[in-house]
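Quick one, fold the following:
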Amino acid sequence: MIEDPSFRPSYDNSTRPIPSDRLGRSRTIDLRFDELGDRLRLIARCADFGEDGGGELEGMLRRPREFIENAVMSMCETWDEQVISYYQEQPAGFPFEDRIDVSPIIPVAAQRRMRQRLAWQGHLLFEFLFQDGDAGLREIAKVLRHALRSRQQRIRIRADMLSVPWTMLYTATDPDDEVDGIDSDCDPEGFWGCRHLLEHVTERDSQFSSRLCPAGDLPVVGMNVDPRLDDQYPQTPCVGPMIEFFRSRARQTDVRIDRHSLARAYRDGRLEDEISYFGLHASSNGHGGVAPTRFELGDGEAVREIDILGWLGGQRLGSGPVIFFNACKGGRLGSMYHPSFGRLLLGAGANCLVGPQVDVTPRFAREYAMEFFRLFFERGTRIGDVVHRLARRLLLDHANPLGLAISLYRGLDTHLAPAGILETA
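Modelled structure (predicted):
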């Protein structure tokens, strides 16, 4: 295994302690997609829209929802091809298999070509979502481009029926440098996840709170894992090290390696986890790789959405946990035909969901999760800032775009409460 240093320190001004009197921040851009027949309507609000008396902009997408889902799949396939499957002659081989910092071994020209192809796909998806429609939609696209260039934005996307990897979208940072082809120059800051803070929300949860562990305790962590992964990838173990990591930091760590223990934990919504970590293989049962529809723990028994629904018995997840789904494509909410574990758990009252949009390597899965929770366990650090900070650090310091492939659903301001501070109404 090629060793490289862990995440290097990198200055980033998006992560600051939370003032005691301000738990949540206003969103500077709010985008809501509604389904009207086979079409999608977009309602957009933005501080940069100006005081024109309207308060919001509205537009209709021309393409049906299925077209957008196919465009998302095409973009994710490009990421798989250009990043995870990137190959060059030995000794480098597949650099993303065993490195976080790939800048020393991927030639600068190849790094630039990779970014160009990813930016092109992100540009195309932006065009399909915000340009390909009526005059109202094109006006939204124009204002959005200006707003995204002007400053860092806090963006909330509301969509029950649509799953898009928003962090992968790309808009040019200079109006004179619009993307016009697959080999166009691109600025890394043009990737939404590199510059902006984003969250995708589905249905409203009236019981949601951005404060985890309100009494200031360390969190209870439930680890739903498949230890066989460490036997399969002995050079880059990703289960054992994560168990030790949480045991040294959490108030309590419960390790579940079989279907029975998972069922017992989720039965009737009695889950005690404040963080529920999934580290395992997941698959889509041949449904085009849209989103995982089954996974296995160490006993090899398949777990599907219907199993979790049955265990919950219509009850909410009592603890409102942060869900970290560290499995291939674990950050996809699924298509209109095939829902996912993430959508199910969010609907059952999970605080938020973090997971990748593409296949990830064991080394990346381990290192990203460790650094994510190191930062999150610093009191007053918001989850949305952590996701953003790591995306920037990986891309700008390590020439590694995989941080942009991590999606956050709800919970932009979720944080561990300061020790000894009780939550008040």
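
Please enumerate the strands of the stretch 1-150 of the chain.
29-36, 39-46, 57-60 (DSSP state E, counting those that start in this stretch).

and these, which is most packed in?
Of all the strands of the stretch 1-150 of the chain, strand 39-46 carries the top mean neighbour count, a mean of 19, counting by mean count of other C-beta atoms under 10 Å. Where you see a C-beta, it was placed from the backbone N, CA and C, and this is true even at glycine.

Give me the helices and strands touching that strand, please.
strand 29-36, strand 57-60, helix 65-79, helix 135-150 (3 or more C-beta pairs under 8 Å, 6 or more residues apart in numbering; DSSP states H and E).

Could I get the average pLDDT for it?
In this model, strand 39-46 carries a mean pLDDT of 92.

So what's the gap between it and the chain middle?
22 Å (C-alpha atoms, centre = their mean, to the nearest Å).

Within its sheet, name the partner strands of that strand and how each one runs.
strand 29-36 (antiparallel), strand 57-60 (antiparallel) (DSSP bridges).

Kindly format the C-alpha coordinates of the first one as PDB.
Listed in PDB are the C-alpha atoms of strand 29-36, where the atom choice follows Å, rounded to 0.1, in the frame of the first residue of the first chain:
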ATOM      1  CA  ILE A  29     -30.800  30.600  -1.900                       C
ATOM      2  CA  ASP A  30     -33.900  28.400  -1.600                       C
ATOM      3  CA  LEU A  31     -34.800  26.200  -4.600                       C
ATOM      4  CA  ARG A  32     -38.100  24.200  -4.500                       C
ATOM      5  CA  PHE A  33     -39.000  21.600  -7.200                       C
ATOM      6  CA  ASP A  34     -42.600  20.600  -7.400                       C
ATOM      7  CA  GLU A  35     -44.100  17.900  -9.600                       C
ATOM      8  CA  LEU A  36     -46.900  19.000 -11.900                       C
END
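
how much does that strand deviate in direction from helix 135-150?
On the basis of axes from the mean of the first three to the mean of the last three C-alpha atoms, to 10 degrees, strand 29-36 is oriented at 150 degrees to helix 135-150.

Average pLDDT for the helix ranked longest in the chain, rounded please.
Identified as the longest helix of the chain according to DSSP state H is helix 108-130. Looking at helix 108-130 alone, the average pLDDT works out to 93.

What pLDDT is listed against the residue lying closest to Glu367 once chain neighbours are set aside?
Of all residues not flanking Glu367 in the chain, Ile100 sits nearest, at 5.1 Å (C-beta to C-beta, 6 or more residues apart in numbering). On the pLDDT scale, Ile100 is placed at 92.
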